[in-house]
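> I'll drop the sequence and a predicted model, then ask my questions.
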Amino acid sequence: MDNELRNSNRCIKQALEQFGYGDYAGAAESVKEALSHEPNNGFYHSLLAVILLEMKRIYAAEHEAKLGLKIEPASDYAHYVMGLILTYQQKYKQALNELEQAISINPLEEDYLLAIGSAYEYMGKAQDALKVYEEALNLNPENEACYSKLGEWYLSQRNYLEAEKYFQNVLSINPQNADALIGMGTIHLKMGNREEALDHALWVLQQDANNTKALTLVAQVKAKKNVLLGSWWHFNSWAISGSNVRLMLILIISFVVVRFTSLILTDLNMVLYSKSLDYIWLAIVVFTWAGPVWFQKLLQKELKTVRLRSDY
């Protein structure tokens, strides 16, 4: 029995290390190995749910979160994780219920307050979110996540000076904090300093090549420099913003409309217009296919040359 506990503890320690540097797949495997030793450990199921959520495996994450809560219904962490899942699913009232249960069990955990604040923001209750973020910071003035959340809140309100103050506080604690670097990069972009913005985003990508916020910031910078790339990025972001079903419907409907219009033009002896429409559609298809490859090449080129200023 002691050997089983030692093995599971070793796996969880390894999983937390892997999670810390972004190896989510490896972390998930380590937790699964721990569960092979202790299948009824609710904390392990909840931790696996958090990892799966980072991997965007939402249904698997929900399954593990429910298992964790079923095994340990009085666990503040289990309620917290369930709240994260529900927030991701845009079930904000249910999420708040779970998060409030977590904070009632453990009122000194600032991460639970930050999660409540995020839910409030998604619900459009910005002032409520601000109060909760400030409460979390008062609980632990050394928690960089609290400063990041406040920086992001002021950034959303376009109060760049106040946002910069909080991001700088984060960077004084941890110069490699991704959220703060992206926040500072966004401020630079808003102020028209494109190169500074790009440097901050690429610095994050050197640590985590799959950071979606950093990739978005790079694309925003490039979109302002290159009209074609900007057009692809905006179209692609719009197209994939919903579900896979929505994306398929957009593609199918677009194709049907183009083909139907082309046939009508041909029947009306407007062959030139029909051919032009076909070529335009072909150009769009090629453009959307080549866009990701183009963007990745530009990104790799930038990653080889970027150096952040020494004062960051």
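That came through, no problem. Worth saying up front: this structure is predicted, and the values here are computed from it rather than measured.
> so where does residue 124 fall, helix or strand?
For residue 124, there is no helix or strand it lies in under DSSP states H and E.
> Over to the residue lying farthest from the centre of the chain. Which of the three states is it?
In terms of distance from the mean C-alpha position of the chain, residue 269 ranks first, at 50.7 Å (Cα atoms, centre = their mean). Following DSSP: H, G, I helix; E, B strand; the rest coil, we place residue 269 in the coil state.
> now swap in residue 266 and tell me
Once three-state DSSP is applied, residue 266 turns out helix.
> how near is it to residue 278?
Residue 266 sits 10 Å away from residue 278, going by Cβ to Cβ, to the nearest Å. (Each C-beta comes from the backbone N, C-alpha and C, glycine too.)
> do residue 254 as well
Residue 254 is 13 Å from residue 278, where distance means Cβ to Cβ.
> Sketch out the low-pLDDT regions of this structure for me.
Residue ranges of the chain with pLDDT under 70: 1-2, 223, 226-247, 288, 291-312.
> Need the three-state assignment for the nearest residue to residue 120 once chain neighbours are set aside.
Of all residues not flanking residue 120 in the chain, residue 129 sits nearest, at 3.9 Å (Cβ to Cβ, 6 or more residues apart in numbering). Put simply, residue 129 is helix when judged by three-state DSSP.
> residues in contact with residue 129?
117, 118, 120, 121, 153 (Cβ atoms under 8 Å, 6 or more residues apart in numbering).
> which of the residues you listed lies closest to residue 213?
residue 118 (14.3 Å; Cβ to Cβ).
> what's in contact with the helix or strand containing the closest one?
Using DSSP H and E, residue 118 sits within helix 110-122. Identification of contacts with helix 110-122 by Cβ under 8 Å, 6+ apart yields 76, 80, 83-84, 87, 90, 92, 95-96, 99-100, 102-103, 106, 126, 128-130, 132-133, 135-137, 139-140, 143, 145-146, 149, 153, 156.
> Just among the contacts of residue 129, which is most surrounded?
Compared across the contacts of residue 129, residue 117 has the highest neighbour count, 26 neighbours, by other Cβ atoms under 10 Å.
> could you pull out the strands for the stretch 1-150 of the chain?
Per DSSP state E, counting those that start in this stretch, the stretch 1-150 of the chain carries no strands over any range.
> okay if I get the contacts of residue 129 as TSV plus distance to residue 197?
Putting the contacts of residue 129 into TSV (distance: Cβ to Cβ, whole Å) gives the following:
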residue	distance to residue 197
117	26
118	24
120	28
121	23
153	20
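> Nearest to residue 198 among those?
residue 153 (24.2 Å).
> Could you report the distance from the closest one to residue 278?
Taken as Cβ to Cβ, the span from residue 153 to residue 278 is 49 Å.
> With residue 171 instead?
Computed as Cβ to Cβ, the residue 171 to residue 278 distance reads 53 Å.
> now do residue 154
50 Å.
> the more surrounded of these two?
Neighbour tally, residue 154 and residue 278, criterion other Cβ under 10 Å: the higher count belongs to residue 154, 22 against 16.
> tell me which element the more buried one is part of?
Assigned by DSSP H and E, residue 154 falls within helix 144-156.
> any idea which helix or strand comes after that helix?
helix 160-173.
> Go ahead and name everything in contact with that next one.
The contact list for helix 160-173 (Cβ under 8 Å, 6+ apart) reads 142, 144, 147-148, 150-155, 177, 179-181, 183-184, 187, 190-191, 312.
> That one: how far from the chain's middle?
Averaging C-alpha positions (Cα atoms, centre = their mean, to the nearest Å) puts helix 160-173 20 Å from its chain's average.
> what about residue 280, how many residues close to it?
Using other Cβ under 10 Å, residue 280 is surrounded by 11 other residues.
> Could you say which helix or strand holds it?
Using DSSP H and E, residue 280 sits in helix 271-305.
> ok now do residue 197, which residues does it touch?
185, 186, 188, 189, 217, 220, 221.
> mind listing what's buried in the helix or strand hosting the first one?
Pointing back at residue 185 there. Here residue 185 sits within helix 178-190, counting by DSSP H and E. Judged by neighbour count (16 or more other Cβ atoms under 10 Å), helix 178-190 contains these buried residues: 178, 179, 180, 181, 182, 183, 184, 185, 186, 187, 188, 189.
> next one: stretch 272-281
Of all the residues in stretch 272-281, those buried under the rule 16+ other Cβ under 10 Å are 274, 277, 278, 281.
> Centre-most residue in the chain?
Most central in the chain under Cα atoms, centre = their mean is residue 212, positioned 5.6 Å from the mean C-alpha point.
> re earlier: now the helix holding residue 154 and helix 178-190, what's the angle there?
20 degrees (axes from the mean of the first three to the mean of the last three Cα atoms, to 10 degrees).
> Thanks again, I'm all set now.
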